[in-house]
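> next one to model:
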Amino acid sequence: MSGNIRNIGIAAHIDAGKTTVTERILFFTGVTHRIGEVHDGDATMDFMKQEQERGITIASAAISCEWRNYQINIIDTPGHIDFTLEVERSLRVLDGMVGIFCAVSGVEPQSETVWRQADRYNIPRLVFINKMDRVGADFDHCVEMIDSELAANPVKFQIPIGSEDNFQGIVDLVRMKAYYFHDLDQSEEEIPSSLIKKAQAERINLIEKLAEYDDGLMEKYLEDAKIDEEEIISSARKCIIKSFFTPVFCGAAYKNKGVRLLLDAITNYLPSPIDAGNIVAVDRDDPAKTILLKPSLNEPFSALAFKVVNDIHLGQQTFVRVYSGTLESGMRILNITKGEKERVSRILRIHAKRRKEIKKVSAGDIVALIGMKCTSTGDTLSIGERPFLLERILIPKTVTSVRVNAVSSPDKDKLGVALRQMGKEDPSFTTRIDPDTDETIISGMGELHLEVIADRIKTEYNLDIEVGEPKVAYKETISFESSGNKKFVKQTGGRGQYGHCVFKLEPNVDLGFEFINSIKGGVIPQEYIKSIERGIIDAMEKGIYADYPVVDVKVTLLDGSYHPVDSSEMAFRTAASICFKEAFRKAGPKLLEPIMRIEINTPDEHIGPIVGDINRRRGNIDNMRRFRKGSQKLKGQVPLKEMFGYATSLRTLSSGRANYSMEFDRYEAIPKREEEKIVEAVKENRKKG
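As a prediction, this is how the structure comes out:
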């Protein structure tokens, strides 16, 4: 495997310029011959109809390019929180990341979320401060925010020459040269005299930072010996791969400024698959046991499926990151996660919506496989029988739901097919049938997420559908301990039904569902214990108090009895379900609602009305700080139920000058008055049903 591969992600807050940076990279590396623009709806990476209409990235798009004998596999990720799974699964399979920050806005909510996701996977990264030509651009302030809010330990590798309308070029602190940009041309010149002292001081800061981690460089620095460019690059590369600090670069991608220098930085400083080191897997049969896989061509093939896309012409495309070995088209591989064999009919190198067929793929590559039938997001693929599993991808919980139905009866079956396919492509999207109303309920990460899903169903599957009002994904839980004791006895003339359970129910805050079998002496045979647990889960999924799923409870099975003839798995499953409902109703049932973290950027003069409006929505603002001159950044929490349609209200309150973003934070108990309204509405619906 070559060390000249770079698997990188481009990630940031919405509108920081991720796709614009990527489009320039594709142009300068020769992949495209004209520059696609987001605002014109012709960006190479934003090829979905929904992306072009909204001017945002919705699905992560993969593409490969070459720069000075390096192969760079790029994934451009969404910036909107509703599509955070796309970022999560992309970062899971990447070796490095370029974080894009707007020079005006600095660190914004989704850039914080992305940074935390990258922390979770220990991904080395570099920063590109974009839009240096915008009014209000402040390079130094942006670096300070990256340090204070992300704890990223930023180190300047470049400084800008001017800013806003006066942004002329960039000083490279490693080469100690100035770079100026004229349309598509880049020229190297001497550093202007007005910036020499600042550049020298910043270069000393850079070398001192490197010397903290490099004894050889420290020795040369203390001896005041000459330190050349290659020594700095070599030392910095080692530090960045180990995430000791984060290098900072700058530019204005829309005006083509700084992008080629960014490409140099990607190849110089971000790791290859070899640099990323051994891959840690776990034993499938003993998850406590770890297995190390070497990123080598000589090892057996292993890969992780991180995305599934349904193509109208090709069928299912399964995107995989290859971690070891090689794979050729036509070979059979094993889906270790599901224990199923798959045949790879074709291998495709992806260029956004275009693709190139290749015959062989090797360790370090990111490609799409055709022919996979049962593989889904997060599955481990291999050749042979090695029972290991690669780390799966974290799937965020859904927080909002809507009702959807086909307008015409013949389209109902087609809608089911479309929803199943959407769920396979996007695990953060779920579907269920309401057993009382027989309505189809779809759930996702937010209003925009579900709006895009509905639009795709209409356009890609040519279905006429109706979408109901958004619903909140409430949960049920309990307040205190209780017990249940239930016999289920049924005689039908022949063999009867008999099951008897006694158990304790208690809160299990933030720990989910836990089932403990404390039966002794065989009063209930072992073969019925699983049925009891299944019966409890049945009741939890349906809900008891207000028809919402039950969470955070611990059930301890204490006693019971059985009949040698009449007892069965179904009898115990039914008894457990009834017993759980009885205990639940005695345990102080209550409703939980999703609470969202909200961040609002607003001019000073609109703070009062905005804070007052949040308070009226049962929210609170707990942090306020200077965002930039004349503006504040407000942070707080607010119930999701109160935030439907908030974008319109915020525009009205701020004359269109404020913006906001939200992400799920936690579940917490609903105030009693609000809870009573919800429960009453559920009772009314039950009567109608």
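> where's Asp665 relative to Arg343, distance?
44 Å (Cβ to Cβ, to the nearest Å). For every residue, glycine as well, the C-beta is placed using N, CA and C.
> wait, Cys65 touches Glu23, no?
No. Between Cys65 and Glu23 there is no contact under Cβ atoms under 8 Å: 11.4 Å.
> who has more neighbours, these two?
Set Cys65 next to Glu23 and count neighbours by other Cβ atoms under 10 Å: Glu23 wins out with 27 against 21.
> per-residue pLDDT, that one?
As predicted, Glu23 sits at a pLDDT of 87.
> name the element it belongs to?
For Glu23, the host element (DSSP states H and E) is helix 18-28.
> again with Leu450
Counting by DSSP H and E, Leu450 is found in helix 447-460.
> do Phe249 as well
Taking DSSP H and E as the criterion, Phe249 maps to strand 246-250.
> tell me the average confidence for the helix or strand following that strand?
Downstream of strand 246-250, the first helix or strand assigned by DSSP H and E is helix 259-269. In this model, helix 259-269 carries a mean pLDDT of 96.
> quick one: contacts of the strand holding Phe249?
Residues outside strand 246-250 that contact it (Cβ atoms under 8 Å, 6 or more residues apart in numbering): 99, 103, 125-130, 132, 139, 143, 146, 152-160, 170, 236, 240, 258, 261-262, 265, 269.
> filter the residues you listed to the buried ones?
Neighbour-count burial (16 or more other Cβ atoms under 10 Å) applied to the contacts of strand 246-250 gives 99, 103, 125-130, 132, 139, 143, 146, 152, 154-160, 170, 236, 240, 258, 261-262, 265, 269.
> residues in contact with Ala253?
Ala253 neighbours (Cβ under 8 Å, 6+ apart): Gly17, Thr20, Val21, Arg24, Asn130, Lys131, Val259.
> now Ser148: phi and psi?
Phi and psi for Ser148, reported as degrees, to the nearest 10, are phi -80, psi -40.
> per-residue confidence for it?
88.
> what are the buried residues along stretch 158-167?
Across stretch 158-167, burial judged by 16+ other Cβ under 10 Å covers Gln158, Ile159, Pro160, Ile161, Ser163, Phe167.
> check stretch 646-664 too.
Tyr646, Leu650, Leu653, Ser654, Ala658, Asn659, Tyr660, Ser661, Met662, Glu663, Phe664.
> stretch 315-328 now?
In stretch 315-328, counting by 16+ other Cβ under 10 Å, buried: Gln316, Gln317, Thr318, Phe319, Val320, Arg321, Val322, Tyr323, Ser324, Gly325, Thr326, Leu327.
> that one: how far from the chain's middle?
21 Å (Cα atoms, centre = their mean, to the nearest Å).
> just the C-alphas of it, formatted as PDB.
The C-alpha coordinates for stretch 315-328 follow below in PDB (Å, rounded to 0.1, in the frame of the first residue of the first chain):
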ATOM      1  CA  GLY A 315     -29.300  -0.900  -7.700                       C
ATOM      2  CA  GLN A 316     -27.600  -0.900  -4.200                       C
ATOM      3  CA  GLN A 317     -24.200   0.800  -4.000                       C
ATOM      4  CA  THR A 318     -22.400  -0.100  -0.800                       C
ATOM      5  CA  PHE A 319     -19.700   2.400   0.100                       C
ATOM      6  CA  VAL A 320     -16.800   0.800   2.000                       C
ATOM      7  CA  ARG A 321     -13.500   1.800   3.500                       C
ATOM      8  CA  VAL A 322     -10.900  -1.000   3.000                       C
ATOM      9  CA  TYR A 323      -8.600  -1.400   6.000                       C
ATOM     10  CA  SER A 324      -6.500  -4.400   4.900                       C
ATOM     11  CA  GLY A 325      -5.800  -6.700   2.000                       C
ATOM     12  CA  THR A 326      -7.100  -6.500  -1.500                       C
ATOM     13  CA  LEU A 327     -10.400  -7.300  -3.200                       C
ATOM     14  CA  GLU A 328     -11.200  -8.000  -6.900                       C
END
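> average model confidence for that stretch?
The model assigns stretch 315-328 a mean pLDDT of 88.
> about what we covered before: quick one: name whatever helix or strand follows the helix holding Leu450.
strand 465-467.
> contacts for that following strand next, please.
Val402, Arg403, Val404, Asn405, Ala406, Val407, Asp411, Leu415, Leu450, Ala454, Ile457, Lys458.
> for the first one, name its beta-bridge partners.
Just to be clear, that refers to Val402. Beta-bridge partners recorded for Val402 (DSSP bridges): Ile442.
> against Glu208, how distant is it?
55 Å.
> between the two, who's got more neighbours?
A count of neighbours by other Cβ under 10 Å puts Val402 above the other of Val402 and Glu208, at 19 against 13.
> return the residues in contact with that one.
Ile441, Ile442, Leu450, Ala454, Val467, Gly468, Glu469, Pro470, Lys471.
> hmm, 10 Å instead?
440-444, 447, 450-451, 453-454, 467-471 (Cβ atoms under 10 Å, 6 or more residues apart in numbering).
> which of those tops the neighbour count?
Of the contacts of Val402, with other Cβ under 10 Å as the count, Gly444 tops at 27 neighbours.
> my guess is that residue contacts Val404, does it?
No. Using Cβ atoms under 10 Å as the test, Gly444 is too far from Val404 to be in contact (11.3 Å).
> coming back round to it: and the helix holding Leu450, what does it pack against?
In terms of contacts (3 or more Cβ pairs under 10 Å, 6 or more residues apart in numbering; DSSP states H and E), helix 447-460 is packed against helix 49-54, strand 400-406, helix 411-425, strand 440-444, strand 465-467, helix 646-654.
> hmm, 7 Å instead?
Judged by 3 or more Cβ pairs under 7 Å, 6 or more residues apart in numbering; DSSP states H and E, helix 447-460 is in contact with helix 49-54, strand 400-406, strand 440-444, strand 465-467.
> surely Gln186 forms part of a strand?
Yes. Under DSSP: H, G, I helix; E, B strand; the rest coil, Gln186 sits within a strand.
> what's across from it in the sheet?
Bridge pairing for Gln186 - DSSP bridges - gives Phe181.
> per-residue confidence at Phe83?
65.
> ditto for Ile333
On the pLDDT scale, Ile333 gets 92.
> give me the three-state assignment for it.
strand.
> bridged to it, which residues?
Ile333 forms beta bridges with Glu342, as assigned by DSSP bridges.
> spit out the contact partners of it.
Taking Cβ atoms under 7 Å, 6 or more residues apart in numbering, we find Ile333 in contact with Phe301, Leu327, Glu342, Val344, Leu381, Ser382, Ile383.
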